[in-house]
Every structure is written in C-alpha cells, then in structure tokens.
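**Student:** could you work out the structure for the sequence below:
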Amino acid sequence: MQAFANTRALRGSKRWQLAHSDADLHPQRVIGDFSCAAGFTLNADKLPALLSLLNTLAEPLEQRVMEEKNFWHRPRPFVGTNQDICTPDARAKLTDSFAYPSGHTTWGWLTASILASALPERATEIMQRGRIFGESRIVCGVHWKSDVQAGYMNGSAMFAALQAQPWFVKKMAAVRSELETLQSHPIPPDATTCAVEHEAAADTF
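**Tutor:** You can find the predicted model right below:
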C-alpha cells in the first residue's frame, strides 16, 4: 500500500511516461523496449525468429496467468479509489480483472531471460531492464508490489521449463544467430530513452 501511495506522486514524470510505454505488450514493442539494455536497436522486423518465438509464447503465457489471477481474485490497488493510473483508457477493463500475479511482469521477465541468454555479455543490463519493466506496473498504479514479485518468479519458472523443450532450444539458436547479425552492424538506441531508463534503474519500489 505504501508503494502504491508513494508512486502516485510520479504522475506526469518521465518515469510515469516510461510506465505508460511499458504497458504496451505487443511483441514488436516489447522487443524494442530492450534496445538500450542490449546496447543496439532491436528492430523486430529484423528479428523474425525472436518475434516468432514471442508470438508463440504469448497465448499460453496469457492463459496460464489468467488461471492464476482467477484463482487468487486479488483486486488491483486503484480499485475503489480515485487515484490516477498511467493507462486511464484501460481503467474500466483493469477494474474488472485481477492483480495477482502481474502478467506484464511475467511477460517482461520472460523476454528479458530470453534476450539475456542470447546476449550473455549484456545479461546484467537486460535483466535490469526486466526489473524496470515490472516496476512500471507499480508506478502505473495497476499492481501491488507482490504482484510484480510474483511476475518475476513466474517468468523465471516459465523460462526454466522451456529449456527442456527441444523446439525452444532450436528457436533460441536461431534467435542468437539473428541477434549476432544485427549486433555486427549496430544502430545506436535512442539516447533520450536510454537516459530515462538509466534514471529509472536507480529507483526501486
């Protein structure tokens, strides 16, 4: 409750805007969100194997998370209040859904785990961005801190389970190959975005 209360003061800030941006779960957008962490621009159009992998995982991940949410029935922190959230257009939809665990965080952490495995030399930066991605849900006001912590655990468990799947191992080899190709002729990520993410990394909620 304290984390929710404290982060309401971030309304309109650069961190608030980052939380709004992180709310977009389209795989193309999520891939791009890790550009600063990767150290070069991650253009989804040039990463078909990665995009295909995330599209394959999206539906089963959503189904599993919804099963968990519907079991726990935890209301979101803004429900019953007039407090702002970073995605006001989604307020009605979010009011009718449950908080625990955070699906956005699960998705972000799983994506971070995939990218960190494929780019081990940037693993620290990538996983840090995964943490920021999850904390954006606290900043946004749509998840409790423990929802986000559960999302980190969810993403880790899912990534671990995928290691035993031959199809996933094969996909990961293709992901590594295309990332190495893109990395060999890197396009620098947006400096302004990277500065905002760097500042966000200094905070924790």
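
**Student:** CA only for contacts and neighbour counts going forward, please
**Tutor:** Noted.

**Student:** mind listing what the residue nearest to the spatial centre of the chain touches?
**Tutor:** Nearest to the geometric centre of the chain sits Gly108, at 2.4 Å (Cα atoms, centre = their mean). Gly108 is in contact with 30, 130, 133-134, 155, counting by Cα atoms under 8 Å, 6 or more residues apart in numbering.

**Student:** what about 10 Å?
**Tutor:** By Cα atoms under 10 Å, 6 or more residues apart in numbering, the contact list for Gly108 reads 22, 25, 30-31, 33-34, 102, 114, 127, 129-134, 151-152, 155.

**Student:** same question for Asp147.
**Tutor:** Contact partners of Asp147, counting by Cα under 10 Å, 6+ apart, are 69, 74, 76, 99-103, 105-106, 134, 137-138.

**Student:** distance of it relative to Ser136?
**Tutor:** When distance is defined by Cα to Cα, to the nearest Å, Asp147 is 12 Å away from Ser136.

**Student:** any shared contact partners between these two?
**Tutor:** Listed as contacting both Asp147 and Ser136 by Cα under 10 Å, 6+ apart are Thr105.

**Student:** I'd like to know how many residues surround Ala160.
**Tutor:** 13 (other Cα atoms under 10 Å).

**Student:** shouldn't it be in contact with Trp109?
**Tutor:** No: here Ala160 lies out of contact with Trp109, judged by Cα atoms under 10 Å, at a distance of 11.9 Å.

**Student:** find residues that contact each of the two.
**Tutor:** Residues touching both Ala160 and Trp109 (Cα under 10 Å, 6+ apart) are Asn154.

**Student:** average pLDDT for the strand or helix carrying the residue nearest to the centre of the chain?
**Tutor:** Secondary structure from DSSP states H and E places Gly108 in helix 103-118. If you average the pLDDT over helix 103-118, you get 98.

**Student:** again with stretch 31-48
**Tutor:** For stretch 31-48, the per-residue pLDDT averages 98.

**Student:** out of the contacts of Gly108, name the ones that lie in helices.
**Tutor:** Taking DSSP state H, the ones among the contacts of Gly108 that sit in helices are 22, 30-31, 33, 114, 127, 129-134, 151-152, 155.

**Student:** ok, so of these, who is nearest Ala5?
**Tutor:** The shortest gap between Ala5 and any of the ones in helices among the contacts of Gly108 belongs to Gly134, at 17.2 Å (Cα to Cα).

**Student:** what's the single longest helix in the protein?
**Tutor:** For the chain, the longest helix by residue count, based on DSSP H, is helix 48-72.

**Student:** what does that one contact?
**Tutor:** Here helix 48-72 makes contact (Cα under 10 Å, 6+ apart) with 25-28, 30-31, 43-45, 75, 97-104, 106-107, 110-111, 114-115, 147, 151, 154-155, 158, 168, 171-179.
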